[in-house]
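Chemist: Pasted the sequence and its predicted model underneath.
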Amino acid sequence: MARRIRSWVRGMVRRARSDGGMTTSEYAVGTIAACAFAAVLYKVVTSPPVTSALQSLLKDTLDAKF
């Protein structure tokens, strides 16, 4: 049992030390892309046509007859 645990811990340490993840520059590019996507999405959702469509949808939903 102890041998299995040691083997598992060694495997976890190897995986943690491996260079399989993103580097700092990749994190920076990913963060910038996520922020740009959020800005575009915010502009779309707050545009007058989308706002009025969401308001009418909400109004219709709240006025529904059961």
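Modeler: Received the coordinates, thanks.

Chemist: tell me, how many neighbours does residue 15 end up with?
Modeler: By the criterion of other CB atoms under 10 Å, residue 15 has 10 neighbours. For every residue, glycine as well, the C-beta is placed using N, CA and C.

Chemist: Spell out the secondary structure type for it.
Modeler: Under DSSP: H, G, I helix; E, B strand; the rest coil, the three-state class of residue 15 is helix.

Chemist: what's the spacing between it and residue 9?
Modeler: 11 Å (CB to CB, to the nearest Å).

Chemist: ditto for residue 25
Modeler: Distance from residue 25 to residue 9, by CB to CB: 31 Å.

Chemist: Could you do residue 59 as well?
Modeler: Here the criterion is CB to CB. By it, residue 59 lies 58 Å from residue 9.

Chemist: could I get the longest helix anywhere in the chain in CSV with only the CA atoms?
Modeler: The longest helix of the chain (DSSP state H) is helix 24-45. What follows is helix 24-45, C-alpha atoms only, in CSV (Å, rounded to 0.1, in the frame of the first residue of the first chain):
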residue,chain,number,x,y,z
THR,A,24,3.0,33.4,-18.9
SER,A,25,2.7,34.8,-22.4
GLU,A,26,0.0,32.4,-23.3
TYR,A,27,-1.9,33.4,-20.1
ALA,A,28,-1.5,37.1,-21.1
VAL,A,29,-2.9,36.5,-24.6
GLY,A,30,-5.7,34.3,-23.2
THR,A,31,-6.6,37.0,-20.7
ILE,A,32,-6.6,39.7,-23.3
ALA,A,33,-8.8,37.6,-25.6
ALA,A,34,-11.2,36.9,-22.8
CYS,A,35,-11.5,40.6,-22.0
ALA,A,36,-12.0,41.5,-25.6
PHE,A,37,-14.7,38.9,-26.0
ALA,A,38,-16.4,40.3,-22.8
ALA,A,39,-16.3,43.8,-24.1
VAL,A,40,-17.9,42.8,-27.4
LEU,A,41,-20.5,40.8,-25.6
TYR,A,42,-21.3,43.7,-23.3
LYS,A,43,-21.7,46.1,-26.3
VAL,A,44,-24.0,43.6,-28.0
VAL,A,45,-26.2,43.0,-25.0
